[in-house]
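A.B. asks: Kindly generate the corresponding structure for this input.
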Amino acid sequence: MSLARLVVTAVRIEGRTKTEVARDYGVSRRWVYELVRRFDTEGDAGLQPRSRRPRASPQRTPGALEDEIIELRKELSDQGLDAGAHTIAVHLGRRHGEAAVPSVATIWRVLSRRGFVTPQPHKRPRSSFIRFQAEMPNERWQADITHWRLHDECEVEILNVIDDHSRLLIGSFARRVFKAADVVASFHEAATAHGFPAQVLSDNGAVFTAAPRGGRCAMELELARLGIAYRHSTPYHPQTCGKVERFHQTEKKWLAKQPAASSIAELQAKLDRFGSYYNTIRPHRAIGRRTPAEAFAARPKTTPSGPRVVIAPHFRVRKDKIDVTGVITLRHNSRLHHIGLGRRLTGTRVLVLVADLHVRVLTEDGELLRELTLDPSRDYQPMNGSA
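C.D. replies: A predicted model of the protein is given here:
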C-alpha cells in the first residue's frame, strides 16, 4: 500500500484529523489536505504520483532560435565545415550579438534533443590529453603531405603547412607528385607571405629527410642555410605532427562536400578558398574560439635563431652513357636535369665531374665534351646552338 493511500484511509475511514495524520506519518499537512482533495474529486486515480514539471518554462530557448541552431548545423555540415556547439555559438554571436546567444551547453542540449548528437562514451576525456603548443607565432611550423583524388580518380599530393601556435594555415599546395625541390619552393612561397619560422617539424618522408640514405635532402640543406632548426617526428608516430595531421582531416572533410576537381589548378583554387575560410572565419577550439589569423596576429613573430650553415661544395665523379637522344641525366637537389651533348655521341661512355653547379663532361680518354654551369630552374640544359 502506498503512503498516499495510507494517509487517505486514516483520514476518511478511521476519521482521524489531517493534522494528527500528518504528524504521525511525518508528512506535511499541506500534502495531506491535497491528497484528500484529489481523492474526493478523482477517486483512486487522484492518488497516483503527479509530475512536478512546471506548466511553463520562461527560460526555455525560443522555438525560432532552436530552429536557427538546427539550420546552422545542417548548413555547416552540408559544406563539410565544423558544426559543433562552440562553432554554432560563434556564428550566432556574429548574427545577433553575444548577449542574444544561448550558452554552448544550451546549444548542445538543443542538438541532442533534436537527434544531432550521438553519444560516444568510448572517447577519452579531453582533460586526459597532454598538449604541446608553441608559445609564439612562427616558433614552429608543422609540414606534411597527404593524398587526394581528382575527378578522373588520378591521385595527387597536397602539402599542408600549419603554424603550431596559432593553427594558421601557412600554405596548402597541390601537385601531381612532390619532389624535394618542390617542397623547398613551396616553403619559400609560404615564407614570403608569413616570414621564416624558427623551426620546422615534419615526418620522415623521402622529400623531408635523406638521413636513411646517408645524406641530406634539399629541404634539410635549405633550412640549415637559413639557420632554421629542423626536427623530424618519431617513425610510425604521427601524433608528433598531430596538428597538421588533424588539419588533413578537416580539409578533406570539406573537399569531400565539393564537386571533384578535374585538374591540379582547379584543386589548388579550392584549397586556396578553404584556406581563406579556415584562417579568417572558422573559430578554432584550440585557440579560444578565435580564428587562426587573429591568434597569429596577436603576438610578435619568432624568427630563425640558429647559426646559418655554409653548405660545403658538393663534389662527385660519376660514369654515364649518352642515350639515343644525345643526353645524360644528372640529379641536383633531388631533381633530375638533362644535359644535351648531341646525337652524334649516342652510346659514348663518359665521366661527369661535378663541383656543385659546375659540371664537366669528358670521354673516358679525357677529352672534354662539354663544360657548363647547371641551371637548377631548368630540367633540360640545352647545348648552345647545337642538337
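
A.B. asks: gap between residue 145 and residue 49?
C.D. replies: Using C-beta to C-beta, to the nearest Å, we find residue 145 at a distance of 64 Å from residue 49. For every residue, glycine as well, the C-beta is placed using N, CA and C.

A.B. asks: The two: which has the busier surroundings?
C.D. replies: The residue with more neighbours, out of residue 145 and residue 49, is residue 145; 20 against 7, by other C-beta atoms under 10 Å.

A.B. asks: The more buried one belongs to a strand?
C.D. replies: Yes - with DSSP: H, G, I helix; E, B strand; the rest coil as the criterion, residue 145 is located in a strand.

A.B. asks: List the beta-bridge partners for it.
C.D. replies: Under the criterion DSSP bridges, residue 145 forms beta bridges with residue 159.

A.B. asks: mind listing what it touches?
C.D. replies: Neighbouring residues of residue 145 by C-beta atoms under 8 Å, 6 or more residues apart in numbering: 157-160, 178, 205, 207.

A.B. asks: Go again with 7 Å.
C.D. replies: 157-159, 178, 205 (C-beta atoms under 7 Å, 6 or more residues apart in numbering).

A.B. asks: Give the helix, strand or coil label for the residue nearest the centre of the chain.
C.D. replies: In the chain, the C-alpha closest to the average C-alpha coordinate belongs to residue 247, at a distance of 1.0 Å (C-alpha atoms, centre = their mean). Local secondary structure at residue 247 is given as helix here, using three-state DSSP.

A.B. asks: how about the helices in the stretch 1-150 of the chain?
C.D. replies: Remark: helices assigned in the stretch 1-150 of the chain by DSSP state H, counting those that start in this stretch are 3-12, 18-25, 29-42, 63-78, 85-96, 104-113.

A.B. asks: Serialize the ones you listed to a markdown table and add fields for mean pLDDT and mean neighbour count.
C.D. replies: Written out in a markdown table, the entries for the helices of the stretch 1-150 of the chain read as follows (pLDDT from 0 to 100; neighbours: other C-beta atoms under 10 Å):
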| stretch | mean pLDDT | mean neighbour count |
| --- | --- | --- |
| helix 3-12 | 84 | 17 |
| helix 18-25 | 87 | 15 |
| helix 29-42 | 88 | 15 |
| helix 63-78 | 88 | 15 |
| helix 85-96 | 88 | 18 |
| helix 104-113 | 88 | 17 |
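
A.B. asks: between the ones you listed, which one is nearest to residue 306?
C.D. replies: Residue 306 lies closest to helix 85-96 among the helices of the stretch 1-150 of the chain, at 37.9 Å (C-beta to C-beta).

A.B. asks: Tell me how far that closest one lies from the chain's centre.
C.D. replies: Taking the mean of its C-alpha atoms, helix 85-96 sits 21 Å from the chain's own mean (C-alpha atoms, centre = their mean, to the nearest Å).

A.B. asks: helices or strands up against it?
C.D. replies: helix 63-78, helix 104-113 (3 or more C-beta pairs under 7 Å, 6 or more residues apart in numbering; DSSP states H and E).

A.B. asks: Out of the ones you listed, which gets nearest to residue 276?
C.D. replies: Distances from residue 276 to each of the helices and strands packed on helix 85-96 were compared by C-beta to C-beta, and the smallest falls on helix 63-78, at 16.4 Å.

A.B. asks: so where's this structure uncertain?
C.D. replies: Applying pLDDT under 70 to the chain picks out residues 1, 54-59, 119-131, 309-315, 334, 384-387.

A.B. asks: can you do 50?
C.D. replies: 385-387 (pLDDT under 50).

A.B. asks: per the record, what domains does it have?
C.D. replies: If the domains of the chain are taken from automatic domain parsing, they occupy 3-47, 63-120, 141-297, 315-381, with pieces of a single domain joined by a plus sign.

A.B. asks: Quick check: which of those is buried the most?
C.D. replies: Mean neighbour count, computed with mean count of other C-beta atoms under 10 Å, is highest for domain 141-297 among the domains of the chain, reaching a mean of 18.
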